[in-house]
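K.L.:
need coordinates for the following:
(chains A and B)
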Amino acid sequence: MKVRIAALVFLALLALGCVLAGWIAPQGYAEQFRSEPDAACSRAHLLGTDDLGRDRFARVLYGTRVSLLLAPAAALLATALAGLIGGAAGFFGGALEGCVMAVTDLVLAMPWFFLLITVRALLPLNVSPALSVSITFALLGCLGWAGAARVVCANARGLCRSDLALLARAQGASGLRLLWRHILPNLRPALSAQFWISIPVFILTEANLGMLGLGVAEPLPSWGSLLRELESCSTGITQPAILAPLVLVILTVSSFQIAVRKEEKHA
Amino acid sequence: MKFRSLICAFALLCLAPLGWAQPGSQLKFCLGSQPRTLNPLLVADDASETVRYLTGGVLMRLNRKTQQLEPELATSWKVSAAGKSITFTLRENVRFSDGTPFSAEDVAYTMQRLMDPALHSPGGDAFRGGEGKLETQISGRNRITLTFPAAVVGLDKLFDQVAIVSAHSPLKEMAVLGPYYVAENKAGAYLLLKRNPNYWKHDASGRQLPYIDSVRLDIQQNRDIELLRLTRGEIELINALDAESYEKLRAKAPQMAVDAGIGLDSEQVWFNQVAAAPIEGYKKAWFASTRFRQAISRAVNRGDIARVVYRGHARPAVSWVSPANRVWFNEKLQPHPFDPQGALALLQQDGFQLQNGTLRDREGHAVEFSVITNAGNKGREKIAAMMQQDLQRVGIRLNVVTLDFPSLIERITRTFNYEACLLGLVNDDLDPNSQMNVWLSSADNHQWNPAQKTPATAWEAEIDKLMRQQASTADFKKRKQAVDRVQQIVWEQEPFIYLVNKEALAGVSPSLHNAAPVALRPQVYWNIDRLTLGTQVADKR
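P.N.:
Numbering: from 1, shown residues only, chains lettered A, B, ... in the order given. Just a heads-up that it's a prediction; the model follows:
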């Protein structure tokens, strides 16, 4: 319980830091101090500067905002799609379920990381970094529903065959009422768990895209683009501050996992 | 017991020379990928090129230090006045690595194969100036004349890339005339090259070259691991380092870090000027304006790019010929200065106005465009980010888009759905003729507006004329004049905005002697047959 509280407090503080980034960060995230590239930690730059002289503390704050706000949004989209598609398949069953599950299997089998790279390459070029990152996460959300849809479908199917549904039908409940009053409320824990599970997945996927240089457009930072600083660390870390985004990702993903475990217990 | 000990000691003494015998010297370095071919006539990638350089015997070799041609398998040569034919006098008593004698027949066979359209040899394209067949005329055992269907400019220099293969050896192209031969090839792991026992070259004291007995080429894709291996003493050289790795090496092992000075490679940005490109008309008008391009060029701080992105290991670029190319560089030209006010003045002449920090054209469109570059190239991504901030100062919004390489190539060569592109040019050849496929307006690699039926602008027509002119004469003075003028036009018109020329950086172990890294490829092992390891003694002459 204490661990869960600690995790939630950490996530809350992180969210607060993101919201107040404009006030907390001493510098703009895009401003280049070209006379001070790769500067060490100092009063002016709490976490030093990156290789273009940009304040790392400001970039970590804004990067956290991007990843922490948009990953849940993408998770929400993916969960909503999973609820809609999986729920409908489980509720109606029969041929529809067969078709939906076949499509789900197909989506799961696709190398969607490469698909994502391809789809991203087809996007218009002249979009602002903020829109670009929103599109990236929207794509993640649109492509990440399949796994959750299978779980939701199985749950919905189980609920439709349960005594609860049998009793409701015996009492004359219509299909829509059965869905709205009995099935959906009982699917909520499963959907909630899928939502929480998806968040760290999307954070890491964006980080992976960022590592390939295909994530968020310059100059906007994200955890993915910040983690790229670690690419050249195999020959030694000269500045421990470059580990800050990695530590944040680990702590955040762990915190989400701790929160998820509790949700799963509820489910 | 004492007797047994005595026998053991005696046995150990007898066996010691076997165990402690000095193994043959072995040079080790890494290739970024598995060579795609070991056939020297089909080389198209860097790794295969390395193997060809180390194993192939050539008629003449460009000395990477002096930038002059030196005789190798040919003791002398003469190019005809028309530039269509070349006559070689070949070295006698030379044998391939398997013992097969070398003769003029091998040169004829190599050139016929190289120019056979069915072989699709990338090296053959440079010799194909026109339709027709290559004619070979052998006089005696060691004299051969090659007559090409059309004049080939810089004909003699092209033979630096032609490794002679045997017409008679049962080993075919695996029989070589270079300092080493491929003894072992473990795909994906390593290649082992052993000293060619029949290599013709000897040092001044009569000792057969090369000094080093074998070369092990490990396949290693990760550049950081390669650097670690150098510092641990597991490999002896890294032929080309990026600035970041170079600085790390300099901090860790300064004696290993070598800066060979300015290189031939450049980084440049260009605007899409294709008339049919799917971009807005007003943007096409911006990109077609010389003043607009000049203004962008002046608004970008090249000095900062060289200092920040390349840690000072690059220099602001001038035009398409690098200052490293001592013969062809136009020394009258200087890099464009960083001058945001001058840039704004140029833009105002074209009707642009800076309003509340946003630059607008005559029709009121805010000046905003995107630049595409290949994802994963950290240097280019940093350059783009720096350009973004520089252009912001003159009210221009630049959107940086990183794309996977196939998507980028698709856009710049087929769909032309892009506005500006940031890429680099890797240049191996000193002769400007090698860039005909870039500068002719009809060429496919004329990136800003490729494959034009007729030149779109007067200055492109002039470049066409000058490039053809320099390609049709063997008179160096005339060629130099033409190439200087083309550099001048490109400097003025800026179809490519040249940003920086990178320095040639290398890592060399102190145990490797006689290494004299240069800017031209292969930077470190260009004099492979003269390199020595450890305590080996070499004739330095």
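
K.L.:
now do stretch B:65-72: everything it contacts.
P.N.:
With CB atoms under 8 Å, 6 or more residues apart in numbering or on different chains as the test, stretch B:65-72 has contacts from B:57-63, B:77, B:91, B:156-157, B:160, B:326-327, B:430, B:516, B:518, B:520, B:526-527. For glycine as for every other residue, the C-beta is placed from the backbone atoms N, C-alpha and C.

K.L.:
again but with stretch B:360-372, I slipped
P.N.:
Outside stretch B:360-372, the residues that touch it by CB under 8 Å, 6+ apart are A:125-126, B:269, B:271, B:282-283, B:285-286, B:350-354, B:358-359, B:384, B:387, B:395-403, B:408, B:411-412, B:418-422.

K.L.:
now do the end-to-end distance for it.
P.N.:
In stretch B:360-372, first residue to last residue: 22 Å (CA to CA, to the nearest Å).

K.L.:
that stretch: which residues count as buried?
P.N.:
By neighbour count with 16 or more other CB atoms under 10 Å in any protein chain shown, stretch B:360-372 contains the buried residues B:R360, B:D361, B:V367, B:E368, B:F369, B:S370, B:V371, B:I372.

K.L.:
residues from the stretch 351-500 of chain B in reach of chain A?
P.N.:
Taking CB under 8 Å from any CB of the partner chain as the test, the list of the stretch 351-500 of chain B residues beside chain A reads B:368-370, B:372, B:375-378, B:381-382, B:384-386, B:388-389, B:399-404, B:407, B:417-419.

K.L.:
in ChimeraX, how would I select the buried members of those residues?
P.N.:
This is the ChimeraX syntax for the buried subset of those, where burial follows 16+ other CB under 10 Å:
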select /B:368,369,370,372,375,376,377,378,381,382,384,385,386,388,389,399,400,401,402,403,404,407,417,418,419
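
K.L.:
need the contact list for B:M115.
P.N.:
Residues in contact with B:M115, defined by CB under 8 Å, 6+ apart, are B:S121, B:G124, B:F127, B:R128, B:K133, B:L134.

K.L.:
my guess is B:A306 contacts B:I383. True?
P.N.:
No - B:A306 is not in contact with B:I383 according to CB atoms under 8 Å; the separation is 10.1 Å.

K.L.:
more crowded one of those two?
P.N.:
Between B:A306 and B:I383, counted using other CB atoms under 10 Å in any protein chain shown, the more crowded position is B:I383 (28 against 24).

K.L.:
work out for me the element that one sits within.
P.N.:
Assessed by DSSP states H and E, B:I383 sits inside helix B:378-392.

K.L.:
list the contacts of the helix or strand hosting A:C142.
P.N.:
Secondary structure from DSSP H and E places A:C142 in helix A:129-143. By CB under 8 Å, 6+ apart, the list of residues contacting helix A:129-143 from outside reads A:66, A:70-71, A:73-78, A:81, A:107, A:112, A:115-116, A:119-120, A:123, A:127, A:202, A:205-206, A:209, A:215-220, A:222, B:399.

K.L.:
recalculate using a threshold of 7 Å.
P.N.:
With CB atoms under 7 Å, 6 or more residues apart in numbering or on different chains as the test, helix A:129-143 has contacts from A:66, A:70-71, A:73-74, A:77-78, A:112, A:115-116, A:119-120, A:123, A:127, A:202, A:205-206, A:209, A:215-220, A:222.

K.L.:
what average pLDDT does that helix get?
P.N.:
For helix A:129-143, mean pLDDT rounds to 83.

K.L.:
which neighbouring elements make contact with the very next helix or strand once past that helix?
P.N.:
Once the chain leaves helix A:129-143, the next helix or strand it forms, by DSSP H and E, is helix A:146-160. Using 3 or more CB pairs under 7 Å, 6 or more residues apart in numbering or on different chains; DSSP states H and E, the elements in contact with helix A:146-160 are helix A:56-92, helix A:94-109, helix A:184-211.

K.L.:
I'd like to know which of those helices lies nearest to A:E36.
P.N.:
Go through the helices and strands packed on helix A:146-160 one by one with CB to CB and the one that ends up closest to A:E36 is helix A:56-92, at 11.2 Å.

K.L.:
the closest one vs helix A:184-211, what angle?
P.N.:
140 degrees (axes from the mean of the first three to the mean of the last three CA atoms, to 10 degrees).

K.L.:
which strands and helices sit next to helix A:56-92?
P.N.:
With 3+ CB pairs under 7 Å, 6+ apart as the test, helix A:56-92 has helix A:2-19, helix A:21-24, helix A:94-109, helix A:129-143, helix A:146-160, helix A:184-211, helix A:223-227, helix A:244-266 packed against it.

K.L.:
adding mean neighbour count, write these out as JSON lines.
P.N.:
What follows is the helices and strands packed on helix A:56-92, written out as JSON lines (neighbours: other CB atoms under 10 Å in any protein chain shown):
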{"stretch": "helix A:2-19", "mean neighbour count": "14"}
{"stretch": "helix A:21-24", "mean neighbour count": "12"}
{"stretch": "helix A:94-109", "mean neighbour count": "13"}
{"stretch": "helix A:129-143", "mean neighbour count": "20"}
{"stretch": "helix A:146-160", "mean neighbour count": "21"}
{"stretch": "helix A:184-211", "mean neighbour count": "20"}
{"stretch": "helix A:223-227", "mean neighbour count": "26"}
{"stretch": "helix A:244-266", "mean neighbour count": "17"}
